[in-house]
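> sequence plus predicted model, see below.
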Amino acid sequence: MRILVIEDEPRLGDPLKKGLEENGYAVDFVRGGAEARYQAAERDYALILLDVVLPGSDGFAALQAIRRSSNVPVLVLTERDKVEDRVHGLQQGADDYLVKPFGFSELLARMRGLLQSGKPQESAVLRLAGLELDLASGQCVRDRMRIELTAKEFTLLAVLLRHRGQTVSRSALTEQVWRTPLDSDTHVVEVAIRRLRSKIDDPFEAKLLHTVRGGGYVLEDRSWS
């Protein structure tokens with residue numbers, strides 16, 4: 001599930017992006033209104049988080065531009081806490097309004113509410129055979145058995161489930177899960193795959209996570225073949 005974050009303040013935007021990714025969301029992060037309007041027009045997003053105070057532009061103008069071409073849910077993040085500011089934001093097309101500073105758990109709850117009230121209810125749960133990953137609640141189960149995952153394992157499994165049946169290269173996993181180049185000698189991906197496999201595969205007869213010669217991995221049900 002891909003989220004667009006429009007926030008010009010790095011001290012908030014950077015940890016916000018990291019926290020959302022650790023909760024299983026794919027995040028595009030922009031700092032300006034013009035770039036935000038371009039991204040919103042070019043890509044399909046499940047949700048947009050918008051700071052209405054942006055350098056060189058009005059966030060409400062960006063909101064109006066987004067509304068002209070899309071019905072994607074928009075959650076406004078702002079320090080403006082007056083009632084008239086909230087009313088104005090809602091009148092311009094915002095679906096919800098969250099005043100800074102806010103708790104991250106509250107943000108996640110507001111996001112879930114918007115996502116569940118819109119279309120993406122189906123895509124909130126990723127499934128393969130008896131394996132289920134709930135992006136909204138953060139729960140993972142296989143054959144009704146609860147599986148505890150770390151934040152990175154959760155993100156790694158979400159990427160593999162979104163591409164189930166397809167080989168995902170080591171470099172693609174590095175980019176989508178760790179979001180930073182990794183030293184090829186660190187074996188970070190291999191270690192993470194091994195730990196994930198020990199949780200979602202080792203306790204079960206049918207194996208879902210397979211290594212593909214050449215440095216890739218595929219999540220698929222081969223029990224029928």
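Received, thanks. Predicted model, so just to flag it, every value in this text is computed and none were measured.
> use CA for all of it now, contacts and neighbours both
Noted.
> return the helix or strand in the protein with minimum mean pLDDT.
Ranked by mean pLDDT, DSSP states H and E, the helix or strand of the chain with the weakest confidence is strand 57-58, at a mean of 62.
> buried stuff in the helix or strand just after it?
Sequence order places helix 59-69 as the next helix or strand after strand 57-58, per DSSP states H and E. For helix 59-69, burial by neighbour count (16 or more other Cα atoms under 10 Å) applies to Gly59, Phe60, Ala62, Leu63, Gln64, Ala65, Ile66, Arg67.
> how far does the helix or strand following helix 59-69 sit from its chain's centre?
Note on helix 59-69: by DSSP H and E, the next helix or strand toward the C-terminus is strand 74-78. Centre-to-centre, strand 74-78 and its host chain are 17 Å apart (Cα atoms, centre = their mean, to the nearest Å).
> so how far is the following helix or strand past strand 74-78 off the chain centroid?
Tracing the chain C-terminally past strand 74-78 and defining elements by DSSP H and E, one meets helix 83-91 next. Centroid separation between helix 83-91 and its chain, computed with Cα atoms, centre = their mean, is 27 Å.
> next, the angle from helix 83-91 to strand 74-78.
Using axes from the mean of the first three to the mean of the last three Cα atoms, to 10 degrees, the inter-axis angle of helix 83-91 relative to strand 74-78 is 160 degrees.
> need the contact list for the closest residue to Glu153 other than its chain neighbours.
Excluding the flanking residues, the one nearest Glu153 by Cα to Cα, 6 or more residues apart in numbering is Leu196, at 6.2 Å. Contacts for Leu196 (Cα atoms under 8 Å, 6 or more residues apart in numbering) come out as Leu149, Glu153, Leu157.
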